[in-house]
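> pasting the structure only:
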RNA sequence: GCCCCCAUCGUCUAGCGGCCUAGGACGUGGCCCUCUCAAGGCCAAAACAGGGGUUCGAGUCCCCUUGGGGGCACCA
């Protein structure tokens, strides 16, 4: 039995600079799961201190996407909470105060170097094959002098006074202790010349003030994690438990997904953006199941999980630190499974919007009848529309060749067709069983095989190559429509051949 | 160039020293079933990167090499 964990406080802290993608959705999911599992709190914090990179509407869209996936949060910019505000742009003052404290404690200093000089330093260091770090020129400026220059209006940034010697050890939950030589670290900028804090300071301050117990984030943060530890230590704060997730690799397994490659994916009917998943016909349940398994596993045989299952079974300890390649065929697999797991009523409800956007007004009762016969043959929800199109059209759309019975002449086809037509016309009990019985009887009498005989009827009533099972379709279509389409087909053959 | 992380089938993974002639899933191939398409059933091919140790015993622990990945912004 899994041991009970103390309630955690975790935050998902996106910056509203783009769409929610697989990687961030997975981080949010793990946060959500561990919060719900331990009856703790899941907090949404918007990291929007970089005012230049803001994207209009991104924050709202991100929240919509999280909701679509089935997550909600206990504290956040929209729902409030005890540690408001939850948007970093509303906390500028707080970061400045804490930055000032660091200066007073001797753990940070003002730097007056211009971006131009910094670029030059970097260039020179790179030429000398040295780490392109700041040369610490301003580190030795006496504080009084620095304050005078600031008072005189000189632009400045705040830098962390990284220890020059010794090591900083970061305890990562998945990797154990990671040791960094302090001399390989930079004097990172904490507050920019425009007065806005950078991630490093803002996140550390907020994580502390918001009593975050576990920081779950992408392993891109591993290289700067010593700075984060150092900031917590400088203030004398207890560090949160660091959990650095593996990176998500592109399907080839070679490298991170780039913007361009993400765009290319859409031409293959795939996307790494959550906002596209619904349009592509994927269920949020499937996306959640799929994403959860990228870097996490439960045991050696269970793969199908609902959100509830995940909440019960998730544990941070089973997270895998090695990079994982995105596998879209696995998403298809999970989508199939979750479609099958849906009740007919639920599936009908999920299907309806796809018909609407295809310009088809499909009534729920009809979709509920269609649900059981298509649920095992569609991968994505949108495929239902094509497969069942003939239920919603006035006539079946015939193409010349296919309407003829496989390997038979037009005369032969007509003979068989008329046989079926008159027999079905007589049929009173319009049930699957009866249709099956009658039609197969005719087929034997005509000496045709199922491929020929049933194939012809399929074409006649649907005009489609791929359809749900024949007798089921006929039953749902109804006697009147089936007879009419049979007549249409025969007329079509007579006119065309 | 420097720092850091990672390493089992093509992919996601199980494995936390003997239960491993390495298990599952996706995908792939074959067969069966079959009214199209699916679904389902059965079967197959497919991996412990290499080298040193430690140990009675190593996929499992340690080291090195190699490979892959991430980072080195007044972005997050």
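That came in fine, so what should we check first? What you see is a predicted model; the values in this text were computed from it and never measured.
> hey, let's count contacts and neighbours off CA atoms from now on
OK.
> Now do the strand or helix carrying residue A:98, average pLDDT.
Applying DSSP states H and E as the criterion places residue A:98 in helix A:92-104. Averaging pLDDT along helix A:92-104 gives 98.
> Return the list of helices and strands in contact with the helix or strand that comes right after it.
Using DSSP H and E, the next helix or strand after helix A:92-104 towards the C-terminus is strand A:108-111. Packed against strand A:108-111 by the contact rule (3 or more C-alpha pairs under 8 Å, 6 or more residues apart in numbering; DSSP states H and E) you find helix A:92-104, strand A:157-160.
> Which neighbours in the sheet does strand A:108-111 have, and how are they oriented?
strand A:157-160 (antiparallel) (DSSP bridges).
> which stretches of the stretch 101-250 of chain A aren't confidently modelled?
Counting by pLDDT under 70, not a single residue of the stretch 101-250 of chain A qualifies.
> can you give me the strands for it?
Here the stretch 101-250 of chain A has its strands, by DSSP state E, counting those that start in this stretch, at A:108-111, A:157-160, A:167-172, A:176-181, A:189-191, A:214-218, A:241-245, A:248-249.
> How far off centre is the second one?
Remark: strand A:157-160 is offset 36 Å from the chain centroid, using C-alpha atoms, centre = their mean, to the nearest Å.
> ok, residues contacting that strand?
For strand A:157-160, contacts defined as C-alpha atoms under 8 Å, 6 or more residues apart in numbering pick out A:99, A:107-112, A:187-193, A:195.
> Put the buried members of those residues into a PyMOL selection.
To isolate the buried members of the contacts of strand A:157-160 in PyMOL, using 16 or more other C-alpha atoms under 10 Å:
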select buried, chain A and resi 99+107+108+109+110+111+112+187+188+189+190+191+193+195
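> Same list, the contacts of strand A:157-160, but only the ones touching RNA strand B.
Among the contacts of strand A:157-160, proximity to RNA strand B is found for A:112, A:189, A:192-193 (C-alpha under 7 Å from any atom of the strand).
> Any chance of the residues you listed in JSON lines with distance to residue A:310 as columns?
Shown next, in JSON lines, are those (distance: C-alpha to C-alpha, whole Å):
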{"residue": "A:112", "distance to residue A:310": "51"}
{"residue": "A:189", "distance to residue A:310": "39"}
{"residue": "A:192", "distance to residue A:310": "41"}
{"residue": "A:193", "distance to residue A:310": "45"}
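> the helices in the stretch 1-150 of chain A, which residues?
Using DSSP state H, counting those that start in this stretch, the helices found in the stretch 1-150 of chain A span residues A:22-37, A:58-69, A:92-104, A:115-127, A:143-151.
> List the buried residues of the last one.
By neighbour count, and taking 16+ other C-alpha under 10 Å as the criterion, the buried residues in helix A:143-151 are residue A:146.
> ranges for the strands of the stretch 251-400 of chain A?
Using DSSP E, counting those that start in this stretch, strands in the stretch 251-400 of chain A cover A:324-325.
> which stretches of it have low pLDDT?
Applying pLDDT under 70 to the stretch 251-400 of chain A flags no residue at all.
> got a list of what the closest residue to residue A:211 other than its chain neighbours touches?
In space, and not counting its chain neighbours, residue A:211 is closest to residue A:9: 6.9 Å by C-alpha to C-alpha, 6 or more residues apart in numbering. Residue A:9 is in contact with A:35, A:40-43, A:211-214, counting by C-alpha under 8 Å, 6+ apart.
> can you do 6 Å?
A:40-41, A:212-213 (C-alpha atoms under 6 Å, 6 or more residues apart in numbering).
> Among the residues you listed, the buried ones, what's the ChimeraX command?
This is how ChimeraX selects the buried members of the contacts of residue A:9, with burial counted by 16+ other C-alpha under 10 Å:
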select /A:40,41,212,213
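> show me which of the contacts of residue A:9 neighbour RNA strand B.
Among those, not one lies near RNA strand B by C-alpha under 7 Å from any atom of the strand.
> what's the burial count for the closest residue to residue A:497 other than its chain neighbours?
Distances taken as C-alpha to C-alpha, 6+ apart place residue A:410 nearest to residue A:497, at 6.6 Å, with adjacent residues excluded. Neighbourhood size, residue A:410 [other C-alpha atoms under 10 Å]: 17.
> still on that earlier bit, from the chain's centroid, how far away is the helix holding residue A:98?
On C-alpha atoms, centre = their mean, the centre of helix A:92-104 falls 36 Å from the chain's centre.
> if I look at residue A:457, how far off is RNA strand B?
In this structure, residue A:457 and RNA strand B are 9 Å apart, going by C-alpha to the nearest atom of the strand, to the nearest Å.
> interface residues of the stretch 51-200 of chain A facing RNA strand B?
For the stretch 51-200 of chain A, the residues in contact with RNA strand B (C-alpha under 7 Å from any atom of the strand) are A:53, A:112-115, A:118, A:122, A:126, A:129-133, A:155-157, A:174-175, A:178-181, A:184, A:189, A:192-194, A:197-199.
> hmm, which of the residues you listed are the buried ones?
A:112, A:122, A:132-133, A:155-157, A:174, A:180, A:189, A:193, A:197-199.
> Can you pull the residues of the stretch 301-450 of chain A lying near RNA strand B?
Within the stretch 301-450 of chain A, the positions near RNA strand B by C-alpha under 7 Å from any atom of the strand are A:301-303, A:318-327, A:329-330, A:332-333, A:376-378, A:450.
> Buried subset of these, written for ChimeraX?
To isolate the buried ones among those in ChimeraX, judged by 16+ other C-alpha under 10 Å, type:
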select /A:319,320,321,323,324,325,326,327,332,377,378
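> Mind checking which of the residues of the stretch 301-450 of chain A next to RNA strand B are in helices?
A:329-330, A:332-333, A:450 (DSSP state H).
> residues in contact with residue A:244?
If you count contacts by C-alpha under 6 Å, 6+ apart, residue A:244 has them with A:216-219.
> Backbone torsions only: list them for the residue nearest to residue A:384 when sequence neighbours are not counted.
Leaving aside its chain neighbours, residue A:384 sits nearest to residue A:378 (6.4 Å; criterion: C-alpha to C-alpha, 6+ apart). Main-chain dihedrals, residue A:378, degrees, to the nearest 10: phi -110, psi 140.
> what's the spacing between the nearest residue to residue A:376 once chain neighbours are set aside and residue A:284?
Of all residues not flanking residue A:376 in the chain, residue A:340 sits nearest, at 6.4 Å (C-alpha to C-alpha, 6+ apart). Using C-alpha to C-alpha, to the nearest Å, one gets 14 Å for the distance from residue A:340 to residue A:284.
> same question, residue A:377
From residue A:377 over to residue A:284 the distance is 19 Å, taken as C-alpha to C-alpha.
> How about residue A:408?
Distance from residue A:408 to residue A:284, by C-alpha to C-alpha: 47 Å.
> again, but for residue A:255
Per C-alpha to C-alpha, residue A:255 is found 26 Å from residue A:284.
> now do residue A:38
Taking C-alpha to C-alpha, one finds residue A:38 at 23 Å from residue A:284.
> higher neighbour count, the two?
residue A:284 (21 against 17).
> Number of residues surrounding the residue nearest to the more buried one when sequence neighbours are not counted?
Closest residue in space to residue A:284, ignoring its immediate chain neighbours: residue A:69 at 5.0 Å, by C-alpha to C-alpha, 6+ apart. Neighbours of residue A:69 under the rule other C-alpha under 10 Å: 21.
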